[in-house]
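Trainee: Predicted model follows, preceded by the sequence.
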Protein chains: 2
Amino acid sequence: MGLGLIGGSLARRLVNAGCTVMAWNHHPRPYAAATAEGIECVGTLEDLAACRPDVLVLCNPLKAMPSLLTTLAPVLDRGTTTLTDVGSVKAQVRAEVRAAGLDDCYVGAHPMAGTEFSGFEASDPAIFDDALWALTVDEHTSLSRLQQVAGMICDTLGNRAIVIDDQTHDRAAAMISHMPHAVSTALVNMLTTSDDRNVAAALAAGSWRDMTRVAMTDPDRTRAMIEENPANVVVLLRDFSAAVSGFADDLESGNQQALERFFATGQPYRLYKARQSDVAQGRGGQRRTLGISEANWRDELIESARRGEWILRFATSRQAEVAVSDWK
Amino acid sequence: MGLGLIGGSLARRLVNAGCTVMAWNHHPRPYAAATAEGIECVGTLEDLAACRPDVLVLCNPLKAMPSLLTTLAPVLDRGTTTLTDVGSVKAQVRAEVRAAGLDDCYVGAHPMAGTEFSGFEASDPAIFDDALWALTVDEHTSLSRLQQVAGMICDTLGNRAIVIDDQTHDRAAAMISHMPHAVSTALVNMLTTSDDRNVAAALAAGSWRDMTRVAMTDPDRTRAMIEENPANVVVLLRDFSAAVSGFADDLESGNQQALERFFATGQPYRLYKARQSDVAQGRGGQRRTLGISEANWRDELIESARRGEWILRFATSRQAEVAVSDWK
């Protein structure tokens, strides 16, 4: 459902992997191009549900979710079809899915993939190369449906996954994406309103370009993203503001011990990234088999994610192969 | 003077342009490689001064500046040689040059060029491709010496320049480089100390990578850079901290007008960058001739830089060709 950048890229990658892919979009403009890529386009959302797909992936904008779920609820064969999505926040989507009475067949999903462009014309199966998906579960999630979606991700798309709860996902997404987008926008605002702006803009080089790249994209899209996850972003921005002003105090007073600490704190992350780069070049990197139990699989998978393990595939319904990204 | 990343790259680019380049380095390790590139290496700083170069470019680390200037002062033929540098802060260097009694032959300079690597082995004449240099002047600077250095930059290196005072340079450099480095480090620190760090690191994609790239380099080098310009960085970090926490308040209270303003403020910069990209691709872009006067050339050149004009070359001692980077 939805043939934008993510939906279109996903549909094309699934077609390339040999899947039968049917799609509906809220307007038929991408249908000619999608059909040429081997995607079967249908006229209505009801038609799509009537295809009784194994997995129905909601790739619509988040703001359209409630009305689409309302349309879908009476026509979805929830015995046959597992419902999932690609939304960048997860607690809100699950609440909307629950409100539509569809949470028994739902598995939350968020692929870490994208570009600054949008629309089917910008779609590209390669944006999923080496992607990691967050899958989210709660106490109503079925293990077999989780493993069905994980099968699509790991076996069909060749991607990796982690399994977590919605709240951890939304906090982590705020940390690595939503909050930094606000920070980048605030940097651009400072330059724009500075009396030195022409001189500063002339001197701006690589560091400034990197730090402000995400603020160069459509600010309405950035705003919508941040406003979908406000509570987590607010907490992080306040912590961040305090850290920055604390550093300013230490710099002003020349507090050598505090400055030392400020520049040393991130060292474990620098080493972690250096090791990951080694792994990507074929040096090091560990795998192991994670056993999960009928009674406690949710906590076992969530704890695995919190230890820094990435699911490569489910070998059986009780065993996952995981890569260990050790952060010591 | 100094055959590190910047000094080595500059020397090689000058050799390629047909200049005679002599160099001294505080240790002779790069001499074999430098000689192979056509650079004539000398044994002592006194030997270098005795060559009576037209321009002597100080490419040493800032912390070595006072002692090198003390050595240089008694042996430099200041009637023949113009002294300049490549330091990333300018007020401090000028004070040290003045303390050594050399300010009558000095022009401040800071090329916006570099990489995350260091040493002659990382040098590359191409790091100066399309570079812009900040040249700094005060009331003691001679116009003919400024134009001599500008001639090297514009005519020999094929680069652009702006002329400003030291204080504006140091504020602008804090804005687009030193302060963002601290912000990026603070982001990495937050992730490193977060309970969600493994999950967040797994989800991290392009926006996080861009925002933290400058914090992945040697933190000691970042610290040294920030500690060379502390007063300007402190002011900007406090303004930045207040802007971030103000945005958090507006996001929490849902202040639509303030949120609208936050995301609209940087729009002039986005449009400016889009126009610059057009200019780089050969569309648009204006040039004009800037006349300067004997009596008031400093203010005229500084005002030109503040209007967003970049010097392409001095056509005569009273006329500069400038590119107009309009920021409306």
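Mentor: That came through fine.

Trainee: next SSE after the helix or strand that contains A:V97?
Mentor: Using DSSP states H and E, A:V97 maps to helix A:91-99. Read in the C-terminal direction, the helix or strand following helix A:91-99 is strand A:106-111, with elements assigned using DSSP H and E.

Trainee: picking up where we left off before, not counting the helix holding A:V97 itself, show me its contacts.
Mentor: Contacts of helix A:91-99 from elsewhere in the structure, counted by CB atoms under 8 Å, 6 or more residues apart in numbering or on different chains, are A:62, A:65-66, A:69, A:83, A:85, A:87, A:103, A:106, A:108, A:136, A:138, A:166-167, A:169-170, A:228. The way it works is simple: take the backbone N, C-alpha and C, and place the C-beta from them, glycine included.

Trainee: Does the residue nearest to A:S304 when sequence neighbours are not counted fall in a helix, a strand, or a coil region?
Mentor: Counting by CB to CB, 6 or more residues apart in numbering or on different chains, A:S304 lies nearest to A:L290, which is 5.4 Å off, once chain neighbours are set aside. Put simply, A:L290 is strand when judged by DSSP: H, G, I helix; E, B strand; the rest coil.

Trainee: Any regions of the stretch 201-328 of chain A where pLDDT drops low?
Mentor: A:280-284, A:328 (pLDDT under 70).

Trainee: on that earlier part again, am I right that the residue nearest to A:S304 is in contact with A:E309?
Mentor: Yes: counting by CB atoms under 8 Å, a contact exists between A:L290 and A:E309, whose distance comes to 6.8 Å.

Trainee: can you give me the strands in chain A?
Mentor: A:22-23, A:40-41, A:55-58, A:82-85, A:106-111, A:132-136, A:160-164, A:286-291, A:309-316, A:319-324 (DSSP state E).

Trainee: biggest helix in chain A by residues?
Mentor: In chain A, taking DSSP state H as the definition, the longest helix is helix A:230-253.

Trainee: returning to what we had before: among the contacts of helix A:91-99, which are within reach of chain B?
Mentor: Filtering the contacts of helix A:91-99 for neighbours of chain B using CB under 8 Å from any CB of the partner chain leaves A:H169.

Trainee: Going through the contacts of helix A:91-99, which ones are buried?
Mentor: Neighbour counting by 16 or more other CB atoms under 10 Å in any protein chain shown classes A:62, A:65, A:69, A:83, A:85, A:87, A:103, A:106, A:108, A:136, A:138, A:166, A:169-170, A:228 among the contacts of helix A:91-99 as buried.

Trainee: Could you single out the nearest of those residues to B:M216?
Mentor: Of all the buried ones among the contacts of helix A:91-99, A:H169 has the smallest distance to B:M216: 24.9 Å, by CB to CB.

Trainee: how near is the residue lying closest to that closest one once chain neighbours are set aside to chain B?
Mentor: Among residues not flanking A:H169 along the chain, A:K90 sits closest, at 4.7 Å (CB to CB, 6+ apart). Distance of A:K90 to chain B, given as CB to the nearest CB, to the nearest Å: 11 Å.

Trainee: Please work out how many residues are found near A:K90.
Mentor: Applying the criterion other CB atoms under 10 Å in any protein chain shown, we find 26 residues in the vicinity of A:K90.

Trainee: returning to what we had before: and the longest helix of chain A, how far from the chain's centre?
Mentor: Taking the mean C-alpha point of helix A:230-253 and that of its whole chain, the gap between them comes to 25 Å (CA atoms, centre = their mean, to the nearest Å).

Trainee: same check, this time on stretch A:127-139
Mentor: When C-alpha coordinates are averaged (CA atoms, centre = their mean), stretch A:127-139 and its chain have centres 7 Å apart.

Trainee: list the buried ones in it?
Mentor: Applying a neighbour-count criterion of 16+ other CB under 10 Å, the buried positions in stretch A:127-139 are A:I127, A:F128, A:A131, A:L132, A:W133, A:A134, A:L135, A:T136, A:V137, A:D138.

Trainee: Just to check, the fifth one is in contact with A:N159?
Mentor: Yes: under the criterion of CB under 8 Å, A:W133 makes contact with A:N159 at 5.8 Å.

Trainee: tell me, what's touching these two both at once?
Mentor: With CB under 8 Å, 6+ apart as the test, A:W133 and A:N159 both reach A:P111, A:I153.

Trainee: Sketch out the helices for the stretch 101-250 of chain A, chain order is fine.
Mentor: All helices of the stretch 101-250 of chain A, identified by DSSP state H, counting those that start in this stretch, fall at A:143-151, A:166-173, A:179-192, A:197-203, A:206-212, A:219-227, A:230-253.

Trainee: picking up where we left off before, mind giving me a markdown table with the strands of chain A and columns for distance to B:L251?
Mentor: Below are the strands of chain A laid out as a markdown table (distance: least, CB to CB, whole Å):
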| stretch | distance to B:L251 |
| --- | --- |
| strand A:22-23 | 35 |
| strand A:40-41 | 39 |
| strand A:55-58 | 26 |
| strand A:82-85 | 24 |
| strand A:106-111 | 21 |
| strand A:132-136 | 23 |
| strand A:160-164 | 24 |
| strand A:286-291 | 38 |
| strand A:309-316 | 32 |
| strand A:319-324 | 36 |
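
Trainee: which stretch among those comes nearest B:A50?
Mentor: The closest of those to B:A50 is strand A:286-291. By CB to CB, the value is 60.6 Å.

Trainee: For the closest one, which strands pair with it and how are they oriented?
Mentor: According to DSSP bridges, the neighbouring strands of strand A:286-291, each with its direction, are strand A:319-324 (antiparallel).

Trainee: Perfect, that will be all.
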